[in-house]
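Q: the following block contains a protein sequence and its predicted model.
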Amino acid sequence: MQYLIIITRLNLSWPDVITRMASALSAVTGIATLTFPGVSLPRQLLLLLLVAITILYPALAHVSLSSFACRKLDTGAGPYPETQQATWRYGYWLSDMNQECYLGTHLSFYAPLGAVCVFVFCIAPPLGILIFLFLKRGKLEEPKTRAVYGYLYHRYRQPFFYFESVKQLQVLMLVIVNVFANAIYQSQQALLLLCVLLCIGIVNMSCRALRAKLLMLLEYLSLMVLALSITLGLFFVTGGEGSSTVGLSNQAAEDAVAAIILALNSGLILAFVVSRK
């Protein structure tokens, strides 16, 4: 909606119905305050691109990396190896389990397309923001620069003006785990995600890049609550491949662990609400 309003402000011959709709939405959302009359059109489009990339980065990275997400189905082992037909050594594409990875259409179309998308949507955004802020590092405190690009660096301390690119790399790590961990066991998925969350927490607390101490504390608490939730969730992981039993002995224990997880996350939400006051 907001992008539509910004685009309709370009000097083009839009139909009357689109102009009236954009004016109404602009009055309701107040999006007109996000445009800068003193900023040229290319700079406004660059700002729009930066905002869109920041918001859509996790989804774009997930779709790009999904082009290479494969899983092996049959290993040829077990009591009836002659009945196992899905034994392609590179596995099968998770987006289409009938398609062998790096063979046929996947090799000729989806893999090259995925490679381009990984560079454009996964590597280029954090690298581009880093280079952009590095080139602007001498003008970061100027009022015009802060008004237009301040959302990229103003919340971080001066020595860590580039930390937004680090944040995007942290998001990329989580997306990589989310995409490729489907090929391993559930317990290993949880442990891998737990390792990534702990590494992110260590980096954030070691650098202390955020200006606001309260925001830094809330960010750390959210990471720790996620880590504790994953750790407690390991109690619900099946005992092994093909097993239907859970790791807890009775229903009461399951309910207790679930209640602890809910209490932790509810407490975190309450902390966010109280901190706003």
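A: Done, it's in.

Q: domain parsing for this protein?
A: 1-35, 39-75+82-162+175-183, 184-277 (automatic domain parsing).

Q: make CSV out of these and add mean pLDDT, mean neighbour count and distance to residue 168.
A: The way it works is simple: take the backbone N, C-alpha and C, and place the C-beta from them, glycine included. Formatted as CSV, the domains of the chain follow (pLDDT from 0 to 100; neighbours: other C-beta atoms under 10 Å; distance: least, C-beta to C-beta, whole Å):
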stretch, mean pLDDT, mean neighbour count, distance to residue 168
domain 1-35, 51, 13, 20
domain 39-75+82-162+175-183, 86, 15, 4
domain 184-277, 83, 14, 12
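
Q: possible to save those domains as JSON lines with distance to residue 169?
A: Output for the domains of the chain, formatted as JSON lines (distance: least, C-beta to C-beta, whole Å):
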{"stretch": "domain 1-35", "distance to residue 169": "25"}
{"stretch": "domain 39-75+82-162+175-183", "distance to residue 169": "5"}
{"stretch": "domain 184-277", "distance to residue 169": "10"}
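
Q: need phi/psi at residue 71.
A: Backbone torsions for residue 71, taken as degrees, to the nearest 10, come to phi -150, psi 130.

Q: would you map the strands across the chain?
A: Along the chain, the stretches classed as strands by DSSP state E are 70-71, 92-93.

Q: who are the packing partners of the first one?
A: This means strand 70-71. Helices and strands touching strand 70-71, by 3 or more C-beta pairs under 8 Å, 6 or more residues apart in numbering; DSSP states H and E, are strand 92-93.

Q: report the distance from the strand it packs on to the chain centre.
A: Taking C-alpha atoms, centre = their mean, to the nearest Å, the mean C-alpha location of strand 92-93 is offset from the chain mean by 23 Å.

Q: what's it in contact with?
A: For strand 92-93, the surrounding residues in contact (C-beta atoms under 8 Å, 6 or more residues apart in numbering) are 69-73, 86, 98-101, 106, 110.

Q: ok, so of these, who is nearest residue 166?
A: For the contacts of strand 92-93, the closest approach to residue 166 (C-beta to C-beta) belongs to residue 69, at 25.0 Å.

Q: separation between that closest one and residue 269?
A: Here residue 69 is placed at a distance of 32 Å from residue 269 (C-beta to C-beta, to the nearest Å).

Q: mind listing what the most centrally placed residue in the chain touches?
A: Nearest residue to the geometric centre of the chain (C-alpha atoms, centre = their mean): residue 58, 3.1 Å. Neighbour list for residue 58: 171, 174-175 [criterion: C-beta under 8 Å, 6+ apart].

Q: sorry, back to before: residue 180: which of the strands of the chain is closest?
A: Nearest to residue 180, of all these, is strand 70-71, at 8.8 Å by C-beta to C-beta.

Q: please state the offset of the closest one from the chain centre?
A: 21 Å.

Q: now do the contacts for the residue lying closest to residue 267 once chain neighbours are set aside.
A: Spatially, and ignoring its direct neighbours in sequence, residue 267 is nearest to residue 225 (7.8 Å; C-beta to C-beta, 6 or more residues apart in numbering). Taking C-beta under 8 Å, 6+ apart as the contact definition, residue 225 lies against 264-265, 267-268.
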